[in-house]
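Trainee: sharing a sequence plus its predicted fold:
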Amino acid sequence: MNNLQISLSQTTLNTFLKRSLSLVKQPEPISNVIVEKNGVKVTANIQIKSIEVDDLTLAEPNKISLNNVKLSFELLNVVVEVDIKRIHDSIKVVDLPGDRFDIDISWDFFEGEPDIKLTLGIEDYFGPQFTAEMNFSINGLDIIAGLSDFNVLSLNIPSNLGEKIEDQIINEVKQIIRKKIGKWAEKVLDFIGDLARFLPVDDMASWIVVEISESEVFKQLVEKAVKDNVKEEKVYTLPNEFELGKDQTKINVSLADENPATVHVENGALIGSVNFKDI
């Protein structure tokens with residue numbers, strides 16, 4: 001049996017696959033509820049814009065590891081819905097000092113569910129770590145690279161995202177009170193005091209970061225966005241015949257009937273091998 005081998009270097013594959021991955025686009029966003037407990041519901045929305053890889057490493061028998069993967073997003077946000085504890089009380093204020101004209105102000109807020117709904121972009125707070133791997137296979141005579149493994153190890157959500165979420169919730173509560181109370185809103189807010197005590201969870205900032213960071217649903221959503229949009233790529237097409245001799249003595253050698261083509265990694269290169277029939 002005659003054998004022809006084609007060798008593709010890691011540098012060549014780096015250039016080809018890095019470019020292919022950078023062109024990956026997710027046509028429509030996907031979403032899922034990633035936290036729903038204790039009066040808090042968080043929904044994540046993801047749409048990948050591109051995948052960047054610093055470098056790739058070939059590994060036997062037919063693998064290539066993707067190192068330092070970075071995702072950029074067309075859309076990456078969370079929708080946070082929060083049930084605020086009921087705030088109700090009353091105070092007496094002096095409207096016209098000296099005229100002894102007193103006004104009773106009473107309030108009763110946040111009996112509905114949910115009370116606050118916020119949408120926050122989180123791309124600047126998102127630094128996940130991945131393991132990613134592709135493998136090589138043969139389809140006919142085409143050498144194909146396909147994503148074989150993509151797992152999120154950690155979402156790496158920083159604590160200041162939780163602080164931002166808590167601050168925005170409290171600001172929304174203040175705006176609702178100001179809108180309903182009007183002229184006396186600041187006096188009412190002073191009387192109520194620390195609004196954080198009306199949030200459904202103590203130390204909301206720390207709690208929500210832990211819940212988002214440890215959400216397996218969020219990790220799976222990121223993985224799905226990648227896996228569903230990284231398509232198999234044709235790296236190279238092996239020859240289906242070769243010629244021996246010249247002119248009148250030229251012979252076309254045809255493919256072997258069994259296992260005509262294989263692909264494997266050897267000595268830091270990708271080897272495509274074609275078996276031809278004996279003459």
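Mentor: Thanks, I have the structure now.
Trainee: tell me which helix or strand the residue nearest the centre of the chain sits in.
Mentor: Central residue of the chain (C-alpha atoms, centre = their mean): residue 222, 3.6 Å from the mean position. If you go by DSSP states H and E, residue 222 is part of helix 216-227.
Trainee: need the helices for the stretch 1-150 of the chain, in chain order.
Mentor: 10-22 (DSSP state H, counting those that start in this stretch).
Trainee: strands of that one, residue ranges please.
Mentor: Here the stretch 1-150 of the chain has its strands, by DSSP state E, counting those that start in this stretch, at 2-9, 30-37, 40-59, 63-82, 87-96, 101-109, 116-121, 129-139, 142-154.
Trainee: mind giving me the packing neighbours of the second one?
Mentor: Right, the one you point to is strand 30-37. The helices and strands touching strand 30-37, judged by 3 or more C-beta pairs under 8 Å, 6 or more residues apart in numbering; DSSP states H and E, are strand 40-59, helix 204-213, helix 216-227. Quick note: C-beta positions are derived from backbone N, CA and C, even for glycine.
Trainee: most packed of these?
Mentor: Among those, ranked by average contacts under mean count of other C-beta atoms under 10 Å, first place goes to helix 204-213 (a mean of 20).
Trainee: angle of that helix against strand 30-37?
Mentor: Angle between the axes of helix 204-213 and strand 30-37 is 130 degrees (criterion: axes from the mean of the first three to the mean of the last three C-alpha atoms, to 10 degrees).
Trainee: quick one: average pLDDT of helix 204-213?
Mentor: Taken as a whole, helix 204-213 has an average pLDDT of 95.
Trainee: give me the helices and strands touching it, please.
Mentor: Partner elements for helix 204-213 (3+ C-beta pairs under 8 Å, 6+ apart): strand 30-37, strand 40-59, helix 159-181.
Trainee: among the ones you listed, which is nearest residue 105?
Mentor: helix 159-181 (7.1 Å; C-beta to C-beta).
Trainee: so for that closest one, what gets flagged as buried?
Mentor: Buried residues in helix 159-181, counting neighbours by 16 or more other C-beta atoms under 10 Å, are found at 161-162, 164-166, 169-170, 172-173, 176-177, 181.
Trainee: kindly reformat those as CSV containing pLDDT.
Mentor: Shown next, in CSV, are the buried residues of helix 159-181 (pLDDT from 0 to 100):
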residue, pLDDT
161, 94
162, 95
164, 95
165, 96
166, 96
169, 96
170, 96
172, 95
173, 95
176, 92
177, 93
181, 91
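Trainee: quick check: the farthest pair among the residues you listed?
Mentor: Using C-beta to C-beta, the pair of the buried residues of helix 159-181 lying farthest apart is 161 and 181, separated by 30.6 Å.
Trainee: pLDDT weak spots in the protein?
Mentor: 1, 95-101, 112-114, 242, 244-245, 247-249, 279 (pLDDT under 70).
Trainee: follow-up on the earlier one: reformat the helices and strands packed on strand 30-37 as JSON lines; add distance to residue 239.
Mentor: Below are the helices and strands packed on strand 30-37 laid out as JSON lines (distance: least, C-beta to C-beta, whole Å):
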{"stretch": "strand 40-59", "distance to residue 239": "22"}
{"stretch": "helix 204-213", "distance to residue 239": "51"}
{"stretch": "helix 216-227", "distance to residue 239": "33"}
